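Engineer: Everything below, folded, please.
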Amino acid sequence: MDTPSRRTTLTIALCFIVALIEGFDLQAAGTAAAGLRQTFALDPKSMGWVFSAGIIGLLPGAFFGGWIADRIGRKKILIGAVLLFGVFSLSTAYVNSYSGLLLARFMTGLGLGAALPNLIALCAEAVGEQRRGTAISIMYAGVPLGGALAAVVAMLFTEHWQTTFIIGGLAPLLVVPLMILLLPESSAFRQQQGTVTVARASTGQALFGEDRARVTLALWLSYFFTLTVMYMLLNWLPSLLLEQGFSKAEAGLVQMLFNIGGALGSLLGGVLLDRCNGVKVVLFVYAGLLAALAGVGLSVGIVPMAIAGFSAGLFVMAAQLVLYALAPPSYPTSVRATGVGAAVAIGRLGSVAGPLAAGQILAAGAGTTGVLLATSPGLVIAALTIISVIVRSASQTTPELRTANPVADKP
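Structural biologist: Here you go, the predicted structure:
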C-alpha cells in the first residue's frame, strides 16, 4: 500500500542516495587533483579552471533544472540530471586532452546543478512544515558523506586517479532504475498541475512578483558568498594543506574529516533550524565558520589542523543547509523549484569565483592565510542577509509563508 509515510520515506531515502553520489562527484576533481595535474601538466591557474569548469556547469543546470521541473515534474528532471552527470563523470576518466577534460567537467556540473534544486524541492514537499529543515538536512548529509567517500577512494587509488571518476560515473547510472521504479513525484506538484496560469508564470513573476523581490535578492547574496567559501574548500583544501607543508596522507585525512564534519553539520543545522530561533542559529553557524577558517590558516600540527578541518566542514555545511531549508518556503509550490534553482544558480557564481580566486591568490604568493582572509567579509554579508529573510518571514501574514517558516518565532 502506497501510504503517505511510505512515500515520504522513499523520497528522502532515494534523495539521500542521489545526494551521496552528487557529493562524491562534486569532490572528485578535488580529490584527484594531484593525478590530473600530473597527467595533463597543469599549473595552479589551469587547475583552477578544471575546478571551475564543473562549477560553471552547475549554474545553468540549477536554474533550468528548477525552471523546467516546475513545468514537467521534479522526478523527470532529477532522473535526467542523474543520467547526465553519470555519463560525463565516467567520460572524465577517459579524456586525453585538456579541452576534453574541461568539457567533461562542464557537462558533469550541468547534471549536478540540475539535480540539487529538485532534491531540495522533493524533500521540502514530502513533509510538513515543522519537519522541513530536518528532511532537507537528512538528504543533504549525503553530500559531505559522498565527498568523504571520494577522499577514501583517492587515498586507496593514489596512482590511478581515473578510478574516482569511474566509480562516480557508474554509481548514478546504477541508481537510475531504482528512481524510475520507486521515487514518487511530489504530491504538492501533482496537486497544483491543474492551475495552468500559475504553473506557467514567467520567471520574473516567479522570483520578484507578489512582493518576493527583497527575499529573492537576499537569498541570492547569501548563497553567493557562502558558496564561494564552500567550493573553495571543497576544491582547494587538499592543495592548501600541501602548500602549508602537510603530507599527501595528512591532507587526505583532513579532507575526510572535513566531510565527516560536514555530514554532522548538515544534520545539526536542520535540527536546530526546526527547533530553535532562526537568527540565533545563523549567528552561531557563521561565527563558528569564521573561527574554523582562522584555525585552518593558523594551525601548524596535524592534530589542530584536523580539528580545524572537521570544524570547517561542520559549520560550512550547516550554513549551506540553513540556506537550503529557508529557500523553499519563500516560494509557492508552482514556482518553488524555479525559486530554489535560481538561488542555487546565482550562488554558483560564487562557486566559480571561489576556486578561481584561490588559484590567483596562491599564484600571487599570498598563501593559505591570504585565501582564507579574503573570504571573511563575504561570510558576514551572507549572515546578515539570510537573517533579513528570517525576520521578514516572522512578519509575513501570507499563510503559506508564515506557517512554512516557524523558525523565527522560536525561543
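Engineer: In this protein, where is pLDDT below threshold?
Structural biologist: 1-4, 192-204, 206, 210, 366-368, 395-411 (pLDDT under 70).
Engineer: one more time with 50, if that's ok
Structural biologist: Residue ranges of the chain with pLDDT under 50: 1, 196-199, 397-411.
Engineer: which helix in it runs the most residues?
Structural biologist: Ranked by number of residues, the top helix in the chain under DSSP state H is helix 213-243.
Engineer: which secondary structure elements does the following helix or strand past it contact?
Structural biologist: On the C-terminal side of helix 213-243, the closest following helix or strand by DSSP states H and E is helix 248-275. Counting contacts by 3 or more C-beta pairs under 8 Å, 6 or more residues apart in numbering; DSSP states H and E, helix 248-275 packs against helix 4-31, helix 132-140, helix 142-156, helix 213-243, helix 278-298, helix 302-326. Using the backbone N, CA and C atoms, a C-beta is placed for each residue, glycine as well.
Engineer: how about helix 248-275: buried residues?
Structural biologist: 250-274 (16 or more other C-beta atoms under 10 Å).
Engineer: ok, back up a step: highest average neighbour count across the helices and strands packed on helix 248-275?
Structural biologist: helix 132-140 (a mean of 27; mean count of other C-beta atoms under 10 Å).
Engineer: angle of it against helix 302-326?
Structural biologist: Using axes from the mean of the first three to the mean of the last three C-alpha atoms, to 10 degrees, the direction of helix 132-140 lies 130 degrees away from that of helix 302-326.
Engineer: now helix 132-140, how far from the centre of its chain.
Structural biologist: 13 Å (C-alpha atoms, centre = their mean, to the nearest Å).
Engineer: Same check on stretch 116-134?
Structural biologist: Taking mean C-alpha positions (C-alpha atoms, centre = their mean), stretch 116-134 and its chain are 15 Å apart.
Engineer: what distance separates the start and the end of that stretch?
Structural biologist: 17 Å (C-alpha to C-alpha, to the nearest Å).
Engineer: on that earlier part again, got a markdown table for the helices and strands packed on helix 248-275, with distance to residue 163 too?
Structural biologist: Listed next are the helices and strands packed on helix 248-275 as a markdown table, based on distance: least, C-beta to C-beta, whole Å:
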| stretch | distance to residue 163 |
| --- | --- |
| helix 4-31 | 10 |
| helix 132-140 | 26 |
| helix 142-156 | 6 |
| helix 213-243 | 17 |
| helix 278-298 | 28 |
| helix 302-326 | 24 |
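Engineer: show me what contacts the spatially closest residue to residue 127 that is not a sequence neighbour?
Structural biologist: Among residues not flanking residue 127 along the chain, residue 135 sits closest, at 4.5 Å (C-beta to C-beta, 6 or more residues apart in numbering). Counting by C-beta atoms under 8 Å, 6 or more residues apart in numbering, residue 135 touches 8, 12, 123-124, 126-127, 270.
Engineer: redo that, cut-off 6 Å
Structural biologist: 12, 123, 127 (C-beta atoms under 6 Å, 6 or more residues apart in numbering).
Engineer: Just give me the neighbour total for the second one.
Structural biologist: Which is residue 123. The number of residues packed near residue 123 is 29, by other C-beta atoms under 10 Å.
Engineer: And for residue 45?
Structural biologist: Residue 45 has 12 nearby residues by other C-beta under 10 Å.
Engineer: let's number from 59 now, not from 1
Structural biologist: Shifting the count to begin at 59 puts that one at residue 103.
Engineer: pretty sure it is in contact with residue 417, am I right?
Structural biologist: Yes: under the criterion of C-beta atoms under 6 Å, residue 103 makes contact with residue 417 at 5.4 Å.
Engineer: Show me the helices in the stretch 109-258 of the chain, by range?
Structural biologist: Counting by DSSP state H, counting those that start in this stretch, the stretch 109-258 of the chain has helices at residues 132-150, 156-184, 190-198, 200-214, 220-240, 245-250, 254-257.
Engineer: So what does residue 101 have for phi and psi?
Structural biologist: Reported as degrees, to the nearest 10, the phi and psi values for residue 101 are phi -90, psi 170.
Engineer: Apart from its neighbours in sequence, what residue is nearest it?
Structural biologist: Using C-beta to C-beta, 6+ apart, the nearest residue to residue 101 is residue 421, at 7.9 Å.
Engineer: for residue 171, same thing?
Structural biologist: Among residues not flanking residue 171 along the chain, residue 119 sits closest, at 2.5 Å (C-beta to C-beta, 6+ apart).
Engineer: again, but for residue 170
Structural biologist: What sits nearest to residue 170 in space, not counting adjacent residues and going by C-beta to C-beta, 6+ apart, is residue 143, at 4.9 Å.
Engineer: What is the distance between whichever strand or helix holds residue 429 and the centre of its chain?
Structural biologist: Assessed by DSSP H and E, residue 429 sits inside helix 425-453. Chain-centre distance of helix 425-453: 16 Å, with C-alpha atoms, centre = their mean.
Engineer: That one to helix 360-384, inter-axis angle?
Structural biologist: Going by the same axes, to 10 degrees, helix 425-453 makes 30 degrees with helix 360-384.
Engineer: Quick one: work out the angle between helix 425-453 and helix 336-356.
Structural biologist: 180 degrees.
Engineer: Show me what helix 425-453 is packed against.
Structural biologist: If you count contacts as 3 or more C-beta pairs under 6 Å, 6 or more residues apart in numbering; DSSP states H and E, helix 425-453 packs onto helix 271-301, helix 336-356, helix 394-421.
Engineer: I figured residue 320 was touching residue 373, is that so?
Structural biologist: No: in this structure, residue 320 is not within contact of residue 373 by C-beta under 6 Å, at 9.0 Å.
Engineer: C-alpha coordinates for stretch 399-409, PDB please?
Structural biologist: Presented in PDB, the C-alpha positions along stretch 399-409 are these (Å, rounded to 0.1, in the frame of the first residue of the first chain):
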ATOM      1  CA  GLY A 399      17.100  26.700  -8.600                       C
ATOM      2  CA  ALA A 400      17.600  30.400  -9.300                       C
ATOM      3  CA  ALA A 401      19.100  30.900  -5.800                       C
ATOM      4  CA  VAL A 402      21.400  28.000  -6.300                       C
ATOM      5  CA  ALA A 403      22.400  29.200  -9.700                       C
ATOM      6  CA  ILE A 404      23.200  32.700  -8.500                       C
ATOM      7  CA  GLY A 405      25.200  31.100  -5.700                       C
ATOM      8  CA  ARG A 406      27.200  29.200  -8.300                       C
ATOM      9  CA  LEU A 407      28.700  32.500  -9.400                       C
ATOM     10  CA  GLY A 408      30.300  32.500  -6.000                       C
ATOM     11  CA  SER A 409      31.200  28.900  -6.500                       C
END
